[in-house]
Structure formats: C-alpha cells, structure tokens
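A.B. asks: Mind folding the following:
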Amino acid sequence: MKQVKKRALSLVLILAMLVMFVPGSLGGMTANAASSDFVIKNGVLTDYKGSGGDVIIPSSVTSIGYLAFYDCTS
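C.D. replies: Predicted coordinates for the structure are as follows:
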C-alpha cells in the first residue's frame, strides 16, 4: 500500500511540474504572453497587439519582423 501511495504522489508531482514548466501548457503562459497578442507568420512575429509591459515572445518565433512593435508605448 505504501508503494502505491508513493507512486501516486510521484505522478502528481510530475504532472504539476509539467503544467508549470512546459511552454503552452495550462500554467506555462502568463497574461502578457497570450497567443492572441501576437501575429506570427512562418515563424516571424509581424505584429504585437498586447497591452505592453513585460512581453514573453513565444518559442515558435524565429525572428521579429520590421515594425512588429510599432506604436507600443510601454
């Protein structure tokens, strides 16, 4: 019975870590990194529509296009 409890606890901890650290998982995205804030075409971030502040660029972005952050004031 102890083995079953240990394995269940280990599984819960592993799942919690995945949710926290895997990009795109339930817990891995902040309010400023919502995918709807970015326009990405073929890996190029072409436009940012978010509210500003700290911006976390999605891992799918390979380059940032000219004027992608135009009109951003913060």
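A.B. asks: shaky segments in the protein?
C.D. replies: Within the chain, the segments meeting pLDDT under 70 span 8-9, 11-13, 15-34.
A.B. asks: For it, which segments count as helices?
C.D. replies: For the chain, applying DSSP state H gives helices covering 2-21.
A.B. asks: Name the nearest residue to Ala68, sequence neighbours excluded.
C.D. replies: Ranked by CB to CB, 6 or more residues apart in numbering and with sequence neighbours excluded, the top spatial neighbour of Ala68 is Leu45, at 5.1 Å. Heads up, the C-betas are built off the backbone N, CA and C, glycines and all.
A.B. asks: hey, where'd the strands end up in the protein?
C.D. replies: For the chain, the strands defined by DSSP state E occupy 38-41, 44-48, 63-64.
A.B. asks: so which of those strands comes closest to Thr73?
C.D. replies: Distance to Thr73, taken as CB to CB, is lowest for strand 44-48 among the strands of the chain, at 11.8 Å.
A.B. asks: Give me the contact list for that closest one.
C.D. replies: Residues outside strand 44-48 that contact it (CB atoms under 8 Å, 6 or more residues apart in numbering): 37-40, 55, 57-58, 61-65, 68-69, 72.
A.B. asks: how about 7 Å then?
C.D. replies: Contact partners of strand 44-48, identified using CB atoms under 7 Å, 6 or more residues apart in numbering, comprise 37-40, 55, 57, 61-65, 68-69, 72.
A.B. asks: Next: stretch 63-74.
C.D. replies: Stretch 63-74 is contacted by residues 43-48, 52-53 when judged by CB under 7 Å, 6+ apart.
A.B. asks: Nothing else from me, thank you.
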